[in-house]
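1. Sharing a sequence plus its predicted fold:
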Amino acid sequence: MKVEIIPCLSDNFSYLIHDKVSDKVAIVDPAEFKACDDVIKKYKKLDFILNTHHHADHVDGNLELKKKYNSKILGFELDKDQIPGIDILLKENQKYKIGKLEFEIIFVPGHTKGHIAFFFLKEKVIFTGDALFSLGCGRVFEGTHEEMFNSLNKIKKLPSDTKIYCGHEYTKSNLNFCLAYDSKNTFLKKKEIDIQKKLSSNQPTIPTILGQEIKTNIFLRCDDPEIKHALGLKDSSEVEVFSKLRDLKDSF
């Protein structure tokens, strides 16, 4: 499995997936036609378009790419009226294949009602869209804070060496937020050095590794006593801690 990172717009990431065995090609969340097409041209084909959710900055390339390459567009069944050009409606926990690459649909509502992630089981690779970011998570627009918390916990249960490819380069601002409320975290301080190196050499901070995120991403650490203390929520539930963190991040 080859994954190519495609920077789009101001801070979006689209991803090209190539199954070298079958020569099948797919793209995840094509934010804009030209940036994506410039990469797809090398392969001279595009078999599938995978959409994590319906927001414009994840689907704007759909129709032009479908028209040019006669691609099939896959999205979640709840987004059937919102994803442009959708052909194949996916269900929660469904398995699907791109050539020899099998992935599972993980339903992760919160950011939107129909948000999904694509988890490639054998390769341990997940495309999380705007659900989970490096050191952060998406804003809660259409769902509830509890839904988003539960969605992140689904991802958290995957193998710790899973590679995470998310929808945006938000890592620096997410890092600053994590440091503000989790300042004693030595893993976070180590990750800060790595992030600064990548950004200073114009490299993406993605992919990140789930095991690292569990140690450093404040939204995956709502049970941590230090974080609860920093928020003045010593006796609160994990969902209450998550809700407080998400509200604080919205205005950070």
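-> That came through fine. A quick note: this is a predicted structure, and the numbers were derived from the prediction, not measured.
2. Can you show me the helices along the stretch 101-250 of the chain?
-> All helices of the stretch 101-250 of the chain, identified by DSSP state H, counting those that start in this stretch, fall at 145-156, 171-181, 186-200, 210-216, 225-231, 238-250.
3. Out of these, which gets nearest to T128?
-> Comparing the helices of the stretch 101-250 of the chain by their distance to T128 (C-beta to C-beta), the top pick is helix 145-156, with 6.6 Å. Yep, even glycine has a C-beta here, placed from its N, CA and C like the rest.
4. in that closest one, what's buried?
-> In terms of neighbour count (16 or more other C-beta atoms under 10 Å), helix 145-156 has its buried residues at 145, 147-152, 155-156.
5. same question, stretch 76-84
-> 76-79, 82-84.
6. will you turn these into a markdown table that also has pLDDT?
-> Listed next are the buried residues of stretch 76-84 as a markdown table, based on pLDDT from 0 to 100:
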| residue | pLDDT |
| --- | --- |
| F76 | 98 |
| E77 | 98 |
| L78 | 98 |
| D79 | 98 |
| Q82 | 98 |
| I83 | 98 |
| P84 | 98 |
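7. Next, format the residues you listed as JSON lines and append distance to K91 and secondary structure.
-> Output for the buried residues of stretch 76-84, formatted as JSON lines (distance: C-beta to C-beta, whole Å; DSSP: H, G, I helix; E, B strand; the rest coil):
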{"residue": "F76", "distance to K91": "8", "secondary structure": "strand"}
{"residue": "E77", "distance to K91": "6", "secondary structure": "helix"}
{"residue": "L78", "distance to K91": "10", "secondary structure": "helix"}
{"residue": "D79", "distance to K91": "12", "secondary structure": "helix"}
{"residue": "Q82", "distance to K91": "16", "secondary structure": "coil"}
{"residue": "I83", "distance to K91": "15", "secondary structure": "coil"}
{"residue": "P84", "distance to K91": "20", "secondary structure": "coil"}
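8. quick check, nearest of these to Q212?
-> Within the buried residues of stretch 76-84, the smallest distance to Q212 is 27.7 Å, found for F76 (C-beta to C-beta).
9. Can you give me every residue that contacts that closest one?
-> F76 makes contacts with 53, 89-91, 105, 107, 114-116, as judged by C-beta atoms under 8 Å, 6 or more residues apart in numbering.
10. next one: D87
-> 72-74.
11. hmm, 6 Å instead?
-> 72-73 (C-beta atoms under 6 Å, 6 or more residues apart in numbering).
12. Give me the phi and psi angles of H54.
-> phi -90, psi 0 (degrees, to the nearest 10).
13. which stretches of the stretch 1-150 of the chain form strands?
-> In the stretch 1-150 of the chain, the segments counted as strands under DSSP state E, counting those that start in this stretch are 2-8, 12-19, 24-28, 48-50, 72-76, 88-90, 95-98, 101-107, 116-120, 125-129, 132-133, 136-137.
14. Output those in TSV; the columns should cover distance to F187.
-> Below are these laid out as TSV (distance: least, C-beta to C-beta, whole Å):
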stretch	distance to F187
strand 2-8	24
strand 12-19	24
strand 24-28	28
strand 48-50	31
strand 72-76	33
strand 88-90	35
strand 95-98	33
strand 101-107	25
strand 116-120	24
strand 125-129	20
strand 132-133	17
strand 136-137	16
